[in-house]
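Novice: Structure, please.
(one chain, ligands or ions: 2)
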Amino acid sequence: MGNIANSITFVFDAWRGQVSDPGKQFLFAAMLLLLAAHMGWRSSWSRRAIDAVESVKATLAIFLINALLAPAVWLLSEQFKALYALLGIPSVPGSVWEGLPVWLLSLIAIVAQDFANYWNHRAMHLKWLWPVHAIHHSDPVVNGLTAYRIHILEALVMWGSYTIMLTWLGMPADAIGIGALFLTLHNVYIHINVDWGHGPLRLLIASPRFHRWHHADVPEAHGKNLANVIPLFDWLFGTYRVPGPCDAPVGAAGVPRNDVVKLTLWPLLQWARQATLWVEAVRARIVGWRPGQDDALRHQD
Ligand SMILES: [Zn+2]
Ligand SMILES: [Zn+2]
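Specialist: Numbering: from 1, shown residues only. Ligands and ions are numbered 1, 2, ... in the order given. Just a heads-up that it's a prediction; the model follows:
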């Protein structure tokens, strides 16, 4: 009981620290500015105004949930780090990076993080992790704010893995900070509703057109364009697909669109459903397998 109370106090203090830190206040102010900029953004407000308002409201609510739970995420990533030190895994000494300019170090941090992100994202599109990632794809009106429509579990996995990787690499804190700021701003940029394709630089830096295709809800686009920053990773690993301007519908069929409560519980509900189907399939196999029975079960999915 004392432990639970301690954890709550710790999270509350960490949260208070976030709000009172001038650096964080700057970030919150920047987010408000982005929101204001978005409100003036042409298409999403003029074309399908009601859909857009609902989408923005839902995204802000999800972002708020994450902001409130962020200290808990941070607490867990600290525990990850402690575990990693405890296991005594040898890491890259910080001296390797001495003498290199900050811009180069930031670039290395961005490439390393984006490589990890590519594989994280690829895993997120597999059957058992999709219910978590589906929240990001649920936005029926993809816009700059969609970058913040992330389930708390996804934020946990992403930031946990980056913390482990960057600390393992021994990267200096300022390079990690600059890299993270760039990644955040670029992530907002690729979600805005414009058809910019980046011409000859299209494989080096992700464009809004590239990422809009990732959100397209058509079978040929599913699981494509997974890199956040460097589309070259998609090109190398066979998931690059940008046939031209994206006019396909965006969103995720079968996933609640803007219902925040349902979206937050969605992974739990879907896992329960998937586990039930799995148990039924195993039971059917044990009780007596007949040809065609497996197929019948699979078709219920
Ligand atoms: Zn995705
Ligand atoms: Zn996205």
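Novice: All the helices of the stretch 101-250 of the chain, residue numbers only.
Specialist: Taking DSSP state H, counting those that start in this stretch to define them, one finds helices in the stretch 101-250 of the chain at 102-124, 130-137, 152-168, 173-191, 208-215, 232-237.
Novice: Please name whichever of those is nearest to A85.
Specialist: With Cβ to Cβ as the criterion, A85 lies closest to helix 152-168 of the helices of the stretch 101-250 of the chain, at 8.8 Å. The way it works is simple: take the backbone N, C-alpha and C, and place the C-beta from them, glycine included.
Novice: now the angle between helix 173-191 and that closest one, please.
Specialist: Helix 152-168 and helix 173-191 are oriented at 140 degrees to each other (axes from the mean of the first three to the mean of the last three Cα atoms, to 10 degrees).
Novice: So which elements touch helix 152-168?
Specialist: helix 49-86, helix 102-124, helix 130-137 (3 or more Cβ pairs under 8 Å, 6 or more residues apart in numbering; DSSP states H and E).
Novice: circling back to that earlier point, could you export the helices of the stretch 101-250 of the chain as a markdown table, including mean neighbour count, distance to S55 and mean pLDDT?
Specialist: A markdown table is the format used below for these (neighbours: other Cβ atoms under 10 Å; distance: least, Cβ to Cβ, whole Å; pLDDT from 0 to 100):
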| stretch | mean neighbour count | distance to S55 | mean pLDDT |
| --- | --- | --- | --- |
| helix 102-124 | 18 | 21 | 91 |
| helix 130-137 | 22 | 12 | 93 |
| helix 152-168 | 18 | 18 | 80 |
| helix 173-191 | 17 | 11 | 83 |
| helix 208-215 | 23 | 12 | 96 |
| helix 232-237 | 17 | 26 | 97 |
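Novice: Looking at these, which is nearest to D247?
Specialist: Across those, D247 has its closest neighbour in helix 208-215 (9.4 Å, Cβ to Cβ).
Novice: So which of the helices of the stretch 101-250 of the chain is nearest V250?
Specialist: Nearest of the helices of the stretch 101-250 of the chain (Cβ to Cβ): helix 208-215, 4.3 Å.
Novice: elements contacting that closest one?
Specialist: Contacts defined by 3+ Cβ pairs under 8 Å, 6+ apart place helix 208-215 against helix 173-191.
Novice: what's the spacing between the helix it packs on and its chain's center?
Specialist: 13 Å (Cα atoms, centre = their mean, to the nearest Å).
Novice: just checking, what packs against it?
Specialist: Secondary-structure packing of helix 173-191 (3+ Cβ pairs under 8 Å, 6+ apart): helix 102-124, helix 208-215.
Novice: and A206, what does it touch?
Specialist: Residues counted as contacts of A206 (Cβ atoms under 8 Å, 6 or more residues apart in numbering) are 186, 190, 198, 225, 227-231.
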